[in-house]
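*Asks:* Sharing a model prediction with you, sequence too.
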Amino acid sequence: MPGKKRTLGCLYKKNVNGVKESFFRLLFCSGKGSPNHFALHYIKLLRQKFLEEIKQLIEGCINGDRQSQNRLYGRLAPNMFAICLRYASSREEAEEILQEGFIKVFEFIHQYKNTGPFEGWVRKIMVNCSLQKYRNKRHMHAVADIDTTKVEQIGNEEILSQLGTKELLKMVQQLSPAYRTVFNLYVFEGMKHREIAAHLNISEGTSKSNLSDARTILQKAVHNSIQSASQNVKEI
């Protein structure tokens, strides 16, 4: 239909370097053909373009090209900063971890063997930098006071589902360094207690105890948050 072609062409001309949401919907959700087929093909092309760009940036970084380093940093920093925030007690500390992590990324980027996702390789460096910072801290195993008031037991998955991202991050950051680190490694990195114990130079029992205490604190925080939200609704 001529009318639809003009609409698509108009939208495309306004967005030569990007796909506008309305254009995306018209392209993938109207006309003949399978929307899933078009969408999957488009996503595949974007993925290929991203991987090719990352490969070029890696080569540039190996050759010491500052522009490539800046572009790679810009590509990965937002996601890596979110990881650092989970292990840090503040944004300032997360920024320190991020900078230390990227220094190591650029220093050892020639060791990347292209055997897995590059972003996963960078993520591992960020986590290791976070762990190193906590290993260097004193009172790593200090025990925080835990309110023994009984609350409804909530599993790890349920904790994550009941909280918004920012709220969860704030609660995790308020945990003691020991609890926060064990919780992150167990929940977000999927490590077993024996792996956590090896990384932090603690016993498996201490790892399990720290996780249990962290969950108790978070359950209490979730319980209080839900109660507070319910109270606010009642007052409206």
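*Replies:* That came through, no problem. Numbering: from 1, shown residues only.
*Asks:* average pLDDT across stretch 94-110?
*Replies:* The pLDDT scores in stretch 94-110 average 96.
*Asks:* what's the answer for stretch 177-194, then?
*Replies:* The average pLDDT for stretch 177-194 rounds to 93.
*Asks:* name the element the nearest residue in space to Val182 that is not next to it in sequence belongs to?
*Replies:* Excluding the flanking residues, the one nearest Val182 by CB to CB, 6 or more residues apart in numbering is Asn210, at 4.1 Å. Bear in mind the C-beta positions are built from the backbone N, C-alpha and C, glycine included. Using DSSP states H and E, Asn210 falls within helix 204-235.
*Asks:* buried set for that helix?
*Replies:* Residues of helix 204-235 classed as buried by neighbour count (16 or more other CB atoms under 10 Å): 206-207, 209-211, 213-223.
*Asks:* between these, which is nearest Gly116?
*Replies:* Distance to Gly116 across these (CB to CB) is lowest for Ser207, with 26.0 Å.
*Asks:* list the contacts for the closest one?
*Replies:* Ser207 makes contact with 182, 186, 193, 196-197, 200, according to CB atoms under 8 Å, 6 or more residues apart in numbering.
*Asks:* Helices along the protein, start to end?
*Replies:* 2-14, 21-29, 35-62, 66-87, 91-108, 118-135, 156-162, 165-173, 177-187, 193-200, 204-235 (DSSP state H).
*Asks:* which of those is buried the deepest?
*Replies:* Highest mean neighbour count of these: helix 177-187, a mean of 23 (counted as mean count of other CB atoms under 10 Å).
*Asks:* and that helix with helix 165-173, angle?
*Replies:* Interaxial angle of helix 177-187 relative to helix 165-173 (axes from the mean of the first three to the mean of the last three CA atoms, to 10 degrees): 130 degrees.
*Asks:* Model confidence score at Lys137, please.
*Replies:* pLDDT, Lys137: 74.
*Asks:* hang on, it packs against Pro177?
*Replies:* Yes. The criterion here is CB atoms under 8 Å, and Lys137 meets it with Pro177 at 6.1 Å.
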